[in-house]
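S.K.: Would you be able to build a 3D model of this:
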Amino acid sequence: MPFRQINLIEPLQRALARQGYTAPTPIQLKSIPDTLAGKDLMGIAQTGTGKTAAFVLPILQRMTEKYPRVLRALVLAPTRELAAQIGDSFAAYGQFLRFKHAVIFGGVGQGPQVNAVSRGVDIVVATPGRLLDLMNQGKVSLKDIEFFVLDEADRMLDMGFIQDINKIIAKLPQKRQSLFFSATMPPQVSQLAHQLLRNPVRVEVAPQATTVELIKQYVFFVDSYSKEKLLLELLLQKHLTRVLIFTRTKHRANKVASYLSSHNVKTDAIHGNKSQGARTQALQNFKSGRTKVLVATDIAARGIDIDDISHVINFELPNEPEIYVHRIGRTARAGAGGTAYSFCAADERNFLRDIERLIRLKIEVMPHAYHSNNAQNAAGAAARPPPKNQRGRSRSFRPHHGKSHFGR
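M.R.: Prediction:
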């Protein structure tokens, strides 16, 4: 179904065509008509399904009904990178409209952000902490907000933003349209949605915490001291073209990036201790292809829209299984395929079990030169039946004899 059949106005259709988009994704198809009708909405969808356009497009269209130059739309996002990305979406989809937007987040000086708001904007995309700071300074007023979006709500709560969110919600007008998007719906998130929304339409395009079907998933049982060597061997293969690597800690991200760089693999690291300028530059280098590898903590696990990531590698398994789903969702975006590799040491066996229980899938075990029986036996994987391929036949792998055949 093309976008014109869900009653989007011509300037939006023209902008979509310029971006190369011809048909809505399932979350957009189910969300946009109800949002255009002015209803509150709760959207639940796995990462990479097009949630940003699902709220940006109808908000822009509804705002064309009148053109006062006051702040009418507010979007809250958990990270600076996601806020910037949403701001880019408002610019791209609204390029043939007359609206102005500003992006507000911490980690940089507030001066340019305050100046942008003071000149008059229709839309603000913000992280909670900086927005609340500017509100307390009297630099931002929410009294005219008509459209409010809480994006990645579960991640907001994971990052401890609940108090800031509640303070912001308390300053919003009672009469408004609210949109609430989350990848999962644990009890605390459900309670927040109940507080925020009025008779909402519920849209769910995939079961909660499922992984994208197009992602091929493999696990390597490897001792911690051999992970870097295995990682380097993988990255020397040509079919790993753009790779996002996840670690649990900032220190480990720096260490892995330094190791790869010392072996002539173009690599950047991104995490919370990096300055905003360094984080922005690292993302730009990765998007443009100047670097092949980006090593990240979970700051990059949600909402970062980078095309053509061929592989996600969990150098360390996350200790929360839901995070695994968000990490690997950075590949196989917009209908493309992708591959997720996970390294599992003996002390990570419980993390793997929790992940497999959540996704209801036994992840396929890959042989390699640094194979650890200790790690595999600890995870209880030795007794697993052979996994099946898409045609239902069991797959087997030859032992490693010096040649690489990692999921080819």
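S.K.: And for residue 262, the neighbour number?
M.R.: 10 (other Cβ atoms under 10 Å). For glycine as for every other residue, the C-beta is placed from the backbone atoms N, C-alpha and C.
S.K.: State the distance from it to residue 232.
M.R.: According to Cβ to Cβ, to the nearest Å, residue 262 and residue 232 sit 10 Å apart.
S.K.: Same check on residue 10?
M.R.: From residue 10 over to residue 232 the distance is 52 Å, taken as Cβ to Cβ.
S.K.: do the same with residue 295
M.R.: With the distance defined as Cβ to Cβ, residue 295 ends up 13 Å from residue 232.
S.K.: neighbour-wise, which of these two wins?
M.R.: Counting neighbours by other Cβ under 10 Å for residue 295 and for residue 232 shows that residue 295 has the greater number, 30 against 15.
S.K.: that's a helix at the more buried one, yeah?
M.R.: No. Per DSSP: H, G, I helix; E, B strand; the rest coil, residue 295 lies outside any helix segment and is strand.
S.K.: For it, give me its contacts.
M.R.: Residues in contact with residue 295, defined by Cβ atoms under 8 Å, 6 or more residues apart in numbering, are 245-247, 253-254, 256-257, 260, 267-270, 315.
S.K.: can you pull the pLDDT of it?
M.R.: The predicted local confidence for residue 295 comes out at a pLDDT of 96.
S.K.: is it in a bridge, and if so with what?
M.R.: Legend: beta-bridge partners of residue 295 under DSSP bridges are residue 245, residue 269.
S.K.: What separation do you get for it and residue 364?
M.R.: The spacing between residue 295 and residue 364, counted by Cβ to Cβ, is 24 Å.
S.K.: got it, and residue 271?
M.R.: For residue 271, the distance to residue 364 (Cβ to Cβ) stands at 29 Å.
S.K.: These two - which one has more neighbours?
M.R.: Residue environment comparison for residue 271 versus residue 364 gives the larger neighbour count to residue 271, 22 against 18, counting by other Cβ under 10 Å.
S.K.: mind checking how far residue 306 is from residue 50?
M.R.: When residue 306 is compared with residue 50 (using Cβ to Cβ), they lie 15 Å apart.
S.K.: between those two, who's got more neighbours?
M.R.: With neighbours defined as other Cβ under 10 Å, residue 306 and residue 50 compare such that residue 50 has more, 19 against 16.
S.K.: Can you verify my assumption that that one contacts residue 27?
M.R.: Yes. In this structure, residue 50 sits in contact with residue 27. The criterion is Cβ atoms under 8 Å, and the distance is 5.6 Å.
S.K.: show me where the stretch 201-350 of the chain has helices.
M.R.: Under the criterion DSSP state H, counting those that start in this stretch, helices of the stretch 201-350 of the chain are mapped to 227-235, 250-262, 276-288, 321-328, 349-359.
S.K.: Just the pLDDT for the closest residue to residue 265 other than its chain neighbours.
M.R.: Of all residues beyond its chain neighbours, the one nearest residue 265 is residue 235 (5.5 Å), with distances taken as Cβ to Cβ, 6 or more residues apart in numbering. Looking at residue 235, its pLDDT reads 96.
S.K.: In contact with residue 235, which residues are there?
M.R.: Residue 235 makes contact with 243, 260, 265, 292-293, according to Cβ under 8 Å, 6+ apart.
S.K.: again, but for residue 228
M.R.: Going by Cβ under 8 Å, 6+ apart, residue 228 touches 256, 259.
S.K.: let's see it at 10 Å
M.R.: Counting by Cβ atoms under 10 Å, 6 or more residues apart in numbering, residue 228 touches 222, 255-256, 259-260, 263, 315, 343, 370.
S.K.: What's the separation between residue 309 and residue 87?
M.R.: As judged by Cβ to Cβ, residue 309 and residue 87 stand 21 Å apart.
S.K.: Kindly report the same for residue 364.
M.R.: Summarising the geometry, the distance separating residue 364 from residue 87, computed by Cβ to Cβ, is 39 Å.
S.K.: swap in residue 46?
M.R.: As defined by Cβ to Cβ, residue 46 lies at a distance of 23 Å from residue 87.
S.K.: same thing with residue 25?
M.R.: In terms of Cβ to Cβ, residue 25 sits 20 Å off from residue 87.
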